[in-house]
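> task: produce atomic coordinates for the following.
(one chain, ligands or ions: 1)
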Amino acid sequence: MNRSLLDSIEAAKTIGITGHIHPDGDSVGSCMALYHYIRSTYPEKTVQVYLEKPADNLMVADGFDSIDSDFTKPETPYDLFVVLDCSSAERFAPAKELVEEAVKTYVVDHHMTNTHFADDGVILPDASSTCEVLYDLIEDDKINRAAATFLYLGIVHDTGVFRFPACTEHTMQIAGRMLTKGVNAQQLIDDSFYRKTYAQNRLIGDAVARSELLLDGKMIYTVVTLDDIAKFGVGPKETEGLIDQLRLTKGIEVAVFARQEDIDTYKISMRAIEKVNVASICASFGGGGHIFAAGCTVKGNLSDYITQISAMVLLQL
Ligand SMILES: [Mn+2]
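This next block holds a predicted model:
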């Protein structure tokens, strides 16, 4: 076992933790799992999580009231700052100053595009999730139920509930270990991953009905505008599950979903089945991610971007 994270924690009196902006299950899961682990294993240490306010469905165990979403500057810089699930410094922009001021920084990540911004760390691009990487850096017998619940959350979300190719025997073994610690798997998976409001289901249904097939049926694309979001009465980010629905369309190689964030700003999510590396496509628009799941944010004429993306996909088919 690699003890470098535990050695760093043991050498520190005060520890800051952060994950990426727009925190997803793995970002929240890894931050909160490490928080609970440090709280229970090293009760004498000061530990603080800095994260944008997570979505309600990710609140699968306690500790959320202790998150600082205002990124309040501490009186003295942290001895150690652990950055989880972030491929580059832009990904933790709100905490950037706090991280930079820390005596030591440590990164735990699984993005192949990681820019090695920290003093030390472990980056395993083949791992299913940051939670999986984190599990291998801490001691199993000291993982309590709350930490286990958050590790399970990260693994479940980053593997699309144990489906993606990065989900290996080792991933399943970790998930199995977490069950022995009292994680209620069915409830966690339903509540945090699959459950939708009636309004969300209607929006997803509408967006799927309007989807278009491109490249001879190899690429599927749809968009959700600010008007759609207002029309169906959902929250601006409540479109989870839509890209997965597109991805399951028979015959496609790539699914593309654009969500309007501002008048001329769109967040584009891409999924690939087998032949196309969507991380490289998204990287060319300033985004990133994994071979089969990536995203980017673009400004300007959306249809121009979709034309460019489909040309790039075609080159890889
Ligand atoms: Mn992740």
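> up against the ion, what does the stretch 151-300 of the chain have?
residue 158 (CB under 5 Å from the ion). Quick note: C-beta positions are derived from backbone N, CA and C, even for glycine.
> run a quick neighbour tally on the residue of the stretch 151-300 of the chain found nearest the ion.
Closest to the ion within the stretch 151-300 of the chain is residue 158: 4.5 Å, counting by CB to the ion. For residue 158, the neighbour count with other CB atoms under 10 Å is 27.
> how near is it to residue 164?
8 Å (CB to CB, to the nearest Å).
> cool, and residue 245?
In terms of CB to CB, residue 245 sits 16 Å off from residue 164.
> residue ranges with poor pLDDT in the stretch 101-250 of the chain?
By pLDDT under 70, the stretch 101-250 of the chain has no low-scoring segment.
> one more time with 80
Residues of the stretch 101-250 of the chain meeting the criterion pLDDT under 80: 236-237.
> list the buried residues of stretch 286-295.
Of the residues in stretch 286-295, those with enough neighbours to count as buried (16 or more other CB atoms under 10 Å) are 287-295.
> got those residues as JSON lines, with secondary structure columns?
Shown next, in JSON lines, are these (DSSP: H, G, I helix; E, B strand; the rest coil):
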{"residue": "287", "secondary structure": "coil"}
{"residue": "288", "secondary structure": "strand"}
{"residue": "289", "secondary structure": "strand"}
{"residue": "290", "secondary structure": "strand"}
{"residue": "291", "secondary structure": "coil"}
{"residue": "292", "secondary structure": "coil"}
{"residue": "293", "secondary structure": "strand"}
{"residue": "294", "secondary structure": "strand"}
{"residue": "295", "secondary structure": "strand"}
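> greatest separation within those residues: which pair is it?
By the measure CB to CB, 287 and 292 form the most distant pair in the buried residues of stretch 286-295, at 14.4 Å.
> how about this structure: which residue is closest to the ion?
residue 26 (3.4 Å).
> assumed that residue was part of a strand.
No. Counting by three-state DSSP, residue 26 falls outside a strand, being helix.
> which residues touch the closest residue to residue 276 other than its chain neighbours?
Spatial nearest neighbour of residue 276, chain neighbours left out: residue 316 (4.5 Å); criterion: CB to CB, 6 or more residues apart in numbering. Taking CB atoms under 8 Å, 6 or more residues apart in numbering, we find residue 316 in contact with 275-277.
> compare the residues you listed and tell me which has the most neighbours.
That'd be residue 276 among the contacts of residue 316, by other CB under 10 Å, with 23 neighbours.
> which of the three states applies to residue 12?
coil.
> so the residue of the stretch 151-300 of the chain closest to the ion touches residue 25, yeah?
Yes. Residue 158 lies in contact with residue 25 (CB atoms under 8 Å); the separation is 6.7 Å.
> quick one: end-to-end distance for stretch 230-240.
16 Å (CA to CA, to the nearest Å).
> picking up where we left off before, touching both of residue 158 and residue 164, which residues are there?
Joint contacts of residue 158 and residue 164 (CB under 8 Å, 6+ apart) are residue 128.
> which parts of this structure belong to which domain?
For the chain, the structural domains run 4-194, 198-316, going by automatic domain parsing.
> could you check how far the residue nearest to residue 276 is from residue 280?
8 Å.
> equivalent analysis for residue 161, please.
Counting by CB to CB - residue 161 and residue 280 are separated by 26 Å.
> what of residue 261?
23 Å.
> any idea of the mean pLDDT for stretch 20-30?
In this model, stretch 20-30 has a mean pLDDT of 97.
> now do it: distance from first to last residue.
For stretch 20-30, the end-to-end distance is 11 Å (CA to CA).
> surely residue 92 is in a strand?
No. Counting by three-state DSSP, residue 92 is not part of a strand but helix.
> can you pull the contacts of it?
So residue 92 contacts 18-21, 83, 86, 99 (CB under 8 Å, 6+ apart).
> go again using 7 Å as the cut-off
When contacts are counted by CB atoms under 7 Å, 6 or more residues apart in numbering, residue 92 touches 18, 20, 83, 86, 99.
> list the buried residues for stretch 139-150?
Applying 16+ other CB under 10 Å to stretch 139-150 flags 143-144, 146-150 as buried.
> so where do the strands sit in the stretch 201-317 of the chain?
212-214, 219-224, 254-262, 265-272, 288-290, 293-299 (DSSP state E, counting those that start in this stretch).
> what separates residue 170 from residue 149, distance-wise?
Counting by CB to CB, the gap from residue 170 to residue 149 is 20 Å.
> before we move on, what about residue 225?
36 Å.
> ditto for residue 105
Distance from residue 105 to residue 149, by CB to CB: 27 Å.
> identify the residues contacting stretch 101-114?
5, 8, 16, 30, 77-87, 99, 117-125, 127, 129-130, 133-134, 137, 279, 283, 288.
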